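Novice: sequence unknown, structure follows:
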């Protein structure tokens with residue numbers, strides 16, 4: 001037995017010439033440098049990349065499946081002491097899958113089917129680059145614009161429709177003013193004017209953008225005669241740039257409600273107006289130099305037609321179509337080009353390695369994922385001495401926490417990412433609130449409501465579609481990063497929890513294909529439904545809140561007579577403090593729930609291996625006996641293909657398998673197992 005152990009250690013410490021060839025191809029001078037720059041995908045590596053698909057992407061499941069490889073690729077990597085991860089979408093794994101073909105071609109004449117299989121994986125990298133651009137444009141490819149109407153305001157008696165035309169004292173016959181007044185007169189005779197009480201009138205006209213009502217008649221008894229009508233003013237379409245350039249309330253969206261000497265936004269004056277209404281003394285200031293005001297009894301408003309539009313951007317539409325066509329072509333090519341069944345889940349991996357045990361992973365049945373990272377990813381004599389792969393070790397039956405399935409570096413990276421995102425939101429929120437002059441008014445607004453104070457404006461602020469789309473969608477893109485970091489952590493912990501349960505109960509393997517006998521079908525969403533469904537719900541809620549936090553505002557301006565005024569059209573972004581606070585709250589709860597889950601204990605003391613193919617393979621040698629001489633040759637022939645007894649179809653359990661000798665061995669098997677003893681050593 002000792003001779004076999006020494007032989008395996010020697011093989012580990014002295015890599016064969018093929019690794020040297022690999023180093024040469026990639027321009028590295030040492031095998032250790034190769035492993036640092038190559039494709040060994042460690043679950044805790046903070047440099048990993050993600051396929052930034054949205055949660056509801058119709059390609060999501062297909063993309064995840066395409067990222068898997070078969071056991072042939074795994075075996076090639078294990079010959080180089082490497083591995084990759086199952087069950088988590090990782091572009092870092094993808095980058096080297098195609099390189100397996102390059103290495104193997106250099107070392108040996110591989111079969112044509114292997115070449116086709118690995119060529120398929122070389123196309124995986126563009127998928128990751130396709131998704132961000134496509135999803136980044138989706139939200140604003142189709143967008144709405146709001147029609148906003150300017151309106152004239154008149155004062156006079158409420159019996160406008162009953163006064164004979166010869167007796168009517170109309171405002172001076174300015175073309176625009178007369179046209180508006182004539183429209184009010186026609187509506188009054190048709191009895192189509194809307195009667196609004198003082199409070200209703202203020203609520204409906206104290207809007208940043210007037211989309212419902214047009215010309216307005218303020219009914220008052222202070223006119224000279226019952227047949228006299230006075231022109232008050234015109235309220236134009238609100239323009240953020242003029243609002244920024246003029247002193248308040250110069251370009252206020254409802255400045256006619258405020259006194260002439262009011263030095264602030266009219267929204268600040270609204271509580272005073274509401275108090276006047278309660279006292280029955282609502283007064284609208286006069287626009288004449290003599291000052292004074294008009295006591296208003298009620299309002300008669302003209303309803304206007306809606307011209308809101310649902311528009312699309314042709315350039316953005318072409319970008320989305322191009323991304324979709326490219327990705328569809330890649331996925332179709334991969335779907336029809338795969339020659340080997342992919343390993344999608346940890347159950348697939350166990351099934352594959354039980355049927356064809358990997359001869360390069362023997363003697364590491366108690367190997368941990370962090371040890372695999374240290375020994376394989378940072379290969380050095382010091383790491384081998386600290387974590388000897390092929391030396392017997394005692395079983396430590398301590399139950400670890402879920403968080404141990406993810407490395408410390410990965411946790412630090414993910415936590416830092418979340419905290420930076422939340423802190424950035426808080427800082428931007430504080431800055432945005434500091435620019436608002438209306439105090440508590442914005443907190444009473446509904447989510448996504450357009451408010452003059454919360455429109456982003458500035459001399460250098462863009463006013464065209466593409467820059468506005470990019471700015472408005474930056475939070476969505478950041479959340480895509482956060483979501484996949486979150487989902488990757490949650491998936492890794494659930495995989496480790498499922499792995500741990502195999503040491504407690506005998507059960508069938510959960511596979512991605514059609515289950516047979518005791519096998520079980522895989523989760524549709526790659527996670528147990530008790531986690532997947534809440535995650536989908538919270539993600540959808542956060543996407544919606546983020547879309548209400550920073551959003552595009554498009555305005556089509558119309559004059560009082562419903563003529564288009566394209567010079568007053570504009571595009572900008574608006575923000576909602578209420579939605580931002582809600583997003584921060586939901587995101588924080590989501591994050592703390594993940595941290596809370598990480599403190600759960602696994603159900604057994606089974607070594608935590610994560611989803612690395614190398615460490616999974618070490619636990620799948622049911623017939624290996626470390627006490628037998630010549631394990632390196634004999635067991636390869638015995639275990640390479642277990643065709644007679646396919647134990648992967650039966651309920652399996654992990655534990656100590658029967659061996660003859662002082663050194664024990666742990667493995668998955670459908671046979672009898674015992675709980676490993678803390679007093680015995682295992683190999």
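Specialist: Thanks, I have it. These numbers come from a predicted model, not from an experiment.
Novice: contacts, neighbours, all on C-alpha from now
Specialist: Noted.
Novice: Verify the contact between residue 157 and residue 229 for me.
Specialist: Yes - with contact defined as CA atoms under 8 Å, residue 157 reaches residue 229; the gap is 7.3 Å.
Novice: who touches both of those two?
Specialist: With contacts defined as CA atoms under 8 Å, 6 or more residues apart in numbering, the residues adjacent to both residue 157 and residue 229 are residue 223.
Novice: Tell me which of those two has more neighbours.
Specialist: The neighbour comparison of residue 157 against residue 229 (other CA atoms under 10 Å) goes to residue 229, with 24 against 21.
Novice: With adjacent residues omitted, what lies nearest to the more buried one?
Specialist: Nearest residue to residue 229, sequence neighbours excluded (CA to CA, 6 or more residues apart in numbering): residue 156, at 4.5 Å.
Novice: how much space is there between that neighbour and residue 195?
Specialist: To residue 195, residue 156 is 14 Å away according to CA to CA, to the nearest Å.
Novice: Settle it for me: which of these two has more neighbours?
Specialist: Using other CA under 10 Å, the more surrounded residue of residue 156 and residue 195 is residue 156, with 24 against 15.
Novice: list the contacts for the more buried one?
Specialist: Here residue 156 is in contact with 217, 218, 219, 220, 221, 222, 223, 226, 227, 228, 229, 230 (criterion: CA under 8 Å, 6+ apart).
Novice: shouldn't residue 253 be in contact with residue 235?
Specialist: Yes - contact criterion CA under 8 Å: residue 253 and residue 235 qualify, at 7.3 Å.
Novice: out of those two, which sits in the busier spot?
Specialist: The residue with more neighbours, out of residue 253 and residue 235, is residue 253; 27 against 22, by other CA under 10 Å.
Novice: Look up the pLDDT of the one residue sitting closest to the centre of the chain for me, please.
Specialist: Using CA atoms, centre = their mean, the residue of the chain that lies closest to the mean C-alpha position is residue 480, 2.4 Å off. Here the pLDDT value assigned to residue 480 is 88.
Novice: three-state assignment of it?
Specialist: Of the three states, residue 480 takes helix according to DSSP: H, G, I helix; E, B strand; the rest coil.
Novice: repeat for residue 353
Specialist: helix.
Novice: burial count for it?
Specialist: 24.
Novice: State the distance from it to residue 470.
Specialist: In terms of CA to CA, residue 353 sits 47 Å off from residue 470.
Novice: Residue 520 too?
Specialist: 44 Å.
Novice: Neighbour count: the two, which is higher?
Specialist: Taking other CA under 10 Å, residue 520 and residue 470 do not tie; residue 520 has more neighbours (19 against 14).
Novice: Surely that one is in contact with residue 648?
Specialist: No - using CA under 8 Å, residue 520 makes no contact with residue 648, being 11.2 Å away.
Novice: Now residue 365: phi and psi?
Specialist: phi -70, psi -20 (degrees, to the nearest 10).
Novice: coming back round to it: redo the contacts of residue 156 as a markdown table? Include secondary structure.
Specialist: Below are the contacts of residue 156 laid out as a markdown table (three-state DSSP):
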| residue | secondary structure |
| --- | --- |
| 217 | strand |
| 218 | strand |
| 219 | strand |
| 220 | coil |
| 221 | coil |
| 222 | coil |
| 223 | coil |
| 226 | coil |
| 227 | coil |
| 228 | strand |
| 229 | strand |
| 230 | strand |
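Novice: Buried ones from those, can you make that a ChimeraX selection?
Specialist: To isolate the buried ones among the contacts of residue 156 in ChimeraX, judged by 16 or more other CA atoms under 10 Å, type:
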select :217,218,219,220,221,226,227,228,229,230
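Novice: quick check, nearest of the contacts of residue 156 to residue 433?
Specialist: Distances from residue 433 to these, taken as CA to CA, are shortest for residue 218 (34.7 Å).
Novice: Next, the contact list for the closest one, please.
Specialist: Contacts of residue 218 by CA under 8 Å, 6+ apart are 153, 154, 155, 156, 296, 297, 298, 299, 300.
Novice: how close does it get to residue 182?
Specialist: For residue 218 relative to residue 182 (CA to CA), the value is 15 Å.
Novice: State whether residue 265 and residue 252 are indeed in contact, as I suppose.
Specialist: Yes - judged on CA under 8 Å, residue 265 makes contact with residue 252 at a distance of 6.7 Å.
Novice: who's in contact with residue 253?
Specialist: 206, 207, 208, 209, 235, 236, 237, 238, 452.
Novice: Now for those, which sits with the most neighbours around it?
Specialist: residue 237 (27 neighbours).
Novice: May I have the secondary structure class of that residue?
Specialist: coil.
Novice: Could you report the separation of it from residue 453?
Specialist: From residue 237 to residue 453 the distance is 15 Å (CA to CA).
Novice: Where does pLDDT dip in the stretch 301-450 of the chain?
Specialist: Along the stretch 301-450 of the chain, the model assigns pLDDT under 70 to residues 373-389, 437-441.
Novice: end-to-end on stretch 647-654?
Specialist: 13 Å.
Novice: what's it in contact with?
Specialist: Residues contacting stretch 647-654 (CA under 8 Å, 6+ apart): 350-351, 354-355, 502-509, 516-519, 666-671, 673.
Novice: What ranges does the stretch 201-350 of the chain have for its strands?
Specialist: For the stretch 201-350 of the chain, the strands defined by DSSP state E, counting those that start in this stretch cover 213-219, 229-235, 283-285, 293-295, 298-303, 309-312.
Novice: Going by neighbour count, list what's buried in stretch 186-202.
Specialist: 187, 188, 193, 196, 198, 199, 201, 202.
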